[in-house]
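Undergrad: sharing a sequence plus its predicted fold:
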There are 2 protein chains.
Amino acid sequence: MSSALRGTALKQFQSHYGPRIEQALDQLLPPAGEAPQNLHAAMRYALFPGGKRLRPVLALVGCAAAGGDPARALIAAAGIECLHTYSLVHDDLPCMDDDALRRGRPTCHMVYGEATALLVGDALLTLAFEAAATAGLMAVRELAIASGSRGMVGGQMADLEAEGKPRTGGLEQVQWIHDRKTGALITGSLFVGASAALGLGEELPPAFAAKLRRYGDCLGRAFQIADDCLDLTGTAQELGKNPNADLDHDKLTWPSVVGLERSLAMARELAEEAASLAPQIVHAAQEWRGATLHALDGIVALLQDLAFAAVERRS
Amino acid sequence: MSSALRGTALKQFQSHYGPRIEQALDQLLPPAGEAPQNLHAAMRYALFPGGKRLRPVLALVGCAAAGGDPARALIAAAGIECLHTYSLVHDDLPCMDDDALRRGRPTCHMVYGEATALLVGDALLTLAFEAAATAGLMAVRELAIASGSRGMVGGQMADLEAEGKPRTGGLEQVQWIHDRKTGALITGSLFVGASAALGLGEELPPAFAAKLRRYGDCLGRAFQIADDCLDLTGTAQELGKNPNADLDHDKLTWPSVVGLERSLAMARELAEEAASLAPQIVHAAQEWRGATLHALDGIVALLQDLAFAAVERRS
């Protein structure tokens, strides 16, 4: 792909599906006026206005890559954003990272109090599974495994435990944490979307699933390394949260182990590996669905744009 | 049913399935030695030794009432207990009820700290949905609706908001809270179990579902009113937690609105209504599954025992 065209496929996809993701979220969440009003208003406060909505986009792309109409995955995609948001709300609580700023605004517990923020997180996590069920049983399983004690929550626990400790675990330890804390849900989002493309009782062919999983794992690692680097190089305005938060908490990050320069190079390598997998994913989908499937047009460029966007972003 | 026989069906069912529920929980939870070890050890601390395991029993009974083998619902039943336990762990946190004692032992955050207890709850809630998926999509939907912002979490929010306020909402308000805080998951447990009895793409017939739902709603209300009363009349040893906790928090309870005597009478009436629905549930199941289905033998007595046990317990 020529670098002049890089990003075009993703921009087109986002301008088409971005508003639909917001609509699906609005549809999924109970109205702010429904009792208990404080809870429902606080759930909406945590979700709107949103960030990049990366995970819902990945779910829609996962559905398209598996030969499905992305519209079938919209509610489940909105559910993944609820799950991601629950993790931020709980992470920001005083007993966790104790953060006051998120997406450029006071965090949920700063506005609604700790008890409500705790329940907001619980309710959003629960709603995520109600939404995932619209994409079938595989979606529920993938989401639960990606976000539970062997996935995201396990990563958060290990991340907390590593705070302020000597860096004896090296790259292996930080990768273990990253893969769970961030990577698992990135890969999981692709699979929740792919699940929506399946018929009742149908399963993903192993060749397609293996390529998609490897792509997600590279993307997830690249994304989290870039995140660690942005925490050092970004401004509060760009990030919508306080920079150097990792330093302040003495977090175990990629740059804290190998330095900023090498971290940026490794993130770039992972993005390139992900990009190189894109044609292979589409090839596997064509073998499965039939080579002429129109829906697969443009998916290679989309998967590649996502890979590079993960490391080229400023926030 | 003669009162001499009352309780026999439930006792037999519990002695047969009680150990299997413990086994399913042990199988569902990651080993305590698996990383992150503190998280997995704390999840097990919160779950073992357990309480009555009422909700898993209800799930197995729901499966049997829908003509299924209760063994098919065991993992999903264990998942419901994880969900119930998450709600207790989060409820006990300092920003919520700030309780130090649960099931006769220090609460999870007293032993493992607040951050870990928060993540224990998150992980148990997530695991509940992984487990529910083994009973099919209806199980996931029912569990999510019962426990989300329109169910249990919504009830907890309203319960917190009502603390220390004048009792202006009367019975209607306390019933609104009870139905969500406790009732929704009691009914939900029956439906998660019934889901496990369904084949792929099969649905519960509306006549059966309506009777089962009404039974669950009566049982749930009876159970929560009895709980409110026990908080006033039980000892710490019987309850495994500090009595008068509701008074200390100035909670909106059934006795605080209509008094203890009338509360006990209303709980009894609800238990009797639930018991009277038992033959109708089994009749509807027979119409659906065929009148001779052997698995339905004994279900009437079991449903009736459960109804009376909800109000006749001492803990």
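TA: Arrived safely, thanks for sending.

Undergrad: which residues in the stretch 51-200 of chain A form helices?
TA: Counting by DSSP state H, counting those that start in this stretch, the stretch 51-200 of chain A has helices at residues A:54-65, A:74-91, A:108-112, A:114-132, A:137-147, A:152-162, A:170-178, A:184-196.

Undergrad: what about the fourth one, near chain B?
TA: In other words, helix A:114-132. Yes. With CB under 8 Å from any CB of the partner chain as the criterion, chain B is reached by helix A:114-132 at A:114-116, A:118-119, A:121-123, A:125-127, A:129-130, A:132. Heads up, the C-betas are built off the backbone N, CA and C, glycines and all.

Undergrad: alpha carbons only: can I get that helix in PDB?
TA: Extracted in PDB, the C-alpha atoms of helix A:114-132 (Å, rounded to 0.1, in the frame of the first residue of the first chain):
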ATOM      1  CA  GLU A 114     -17.300   6.200  45.000                       C
ATOM      2  CA  ALA A 115     -20.300   3.900  45.700                       C
ATOM      3  CA  THR A 116     -22.100   5.000  42.500                       C
ATOM      4  CA  ALA A 117     -18.900   4.700  40.400                       C
ATOM      5  CA  LEU A 118     -18.400   1.100  41.800                       C
ATOM      6  CA  LEU A 119     -22.000   0.200  40.800                       C
ATOM      7  CA  VAL A 120     -21.600   2.000  37.400                       C
ATOM      8  CA  GLY A 121     -18.700  -0.300  36.600                       C
ATOM      9  CA  ASP A 122     -20.600  -3.400  37.800                       C
ATOM     10  CA  ALA A 123     -23.700  -2.400  35.700                       C
ATOM     11  CA  LEU A 124     -21.600  -1.700  32.600                       C
ATOM     12  CA  LEU A 125     -19.800  -5.000  32.800                       C
ATOM     13  CA  THR A 126     -23.100  -6.800  33.200                       C
ATOM     14  CA  LEU A 127     -24.600  -4.900  30.300                       C
ATOM     15  CA  ALA A 128     -21.700  -5.900  28.100                       C
ATOM     16  CA  PHE A 129     -22.700  -9.500  28.400                       C
ATOM     17  CA  GLU A 130     -26.300  -8.800  27.600                       C
ATOM     18  CA  ALA A 131     -25.100  -7.100  24.500                       C
ATOM     19  CA  ALA A 132     -22.500  -9.700  23.600                       C
END
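
Undergrad: now it against helix A:152-162, angle please.
TA: Per axes from the mean of the first three to the mean of the last three CA atoms, to 10 degrees, the angle that helix A:114-132 makes with helix A:152-162 is 140 degrees.

Undergrad: list the helices and strands the lowest-mean-pLDDT helix or strand in chain A packs on?
TA: Within chain A, no helix or strand scores below helix A:236-239, which has a mean of 77 by mean pLDDT, DSSP states H and E. For helix A:236-239, the elements it packs on are helix A:206-233, judged by 3 or more CB pairs under 8 Å, 6 or more residues apart in numbering or on different chains; DSSP states H and E.

Undergrad: give the other helices and strands that the helix it packs on contacts.
TA: Contact analysis of helix A:206-233 by 3+ CB pairs under 8 Å, 6+ apart lists helix A:54-65, helix A:170-178, helix A:184-196, helix A:236-239, helix A:245-248, helix A:254-258, helix A:260-289, helix A:299-312 as its packing neighbours.

Undergrad: now with 7 Å, please.
TA: Counting contacts by 3 or more CB pairs under 7 Å, 6 or more residues apart in numbering or on different chains; DSSP states H and E, helix A:206-233 is packed against helix A:184-196, helix A:245-248, helix A:254-258, helix A:260-289, helix A:299-312.

Undergrad: tell me what the longest one is packed against?
TA: Helix A:260-289 makes packing contacts with helix A:54-65, helix A:206-233, helix A:299-312 when contacts are defined by 3+ CB pairs under 7 Å, 6+ apart.

Undergrad: can you rerun that using 6 Å?
TA: In this structure, helix A:260-289 packs against helix A:206-233, helix A:299-312, with contacts taken as 3 or more CB pairs under 6 Å, 6 or more residues apart in numbering or on different chains; DSSP states H and E.

Undergrad: any chance of JSON lines for those helices, columns mean pLDDT?
TA: What follows is the helices and strands packed on helix A:260-289, written out as JSON lines (pLDDT from 0 to 100):
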{"stretch": "helix A:206-233", "mean pLDDT": "96"}
{"stretch": "helix A:299-312", "mean pLDDT": "95"}
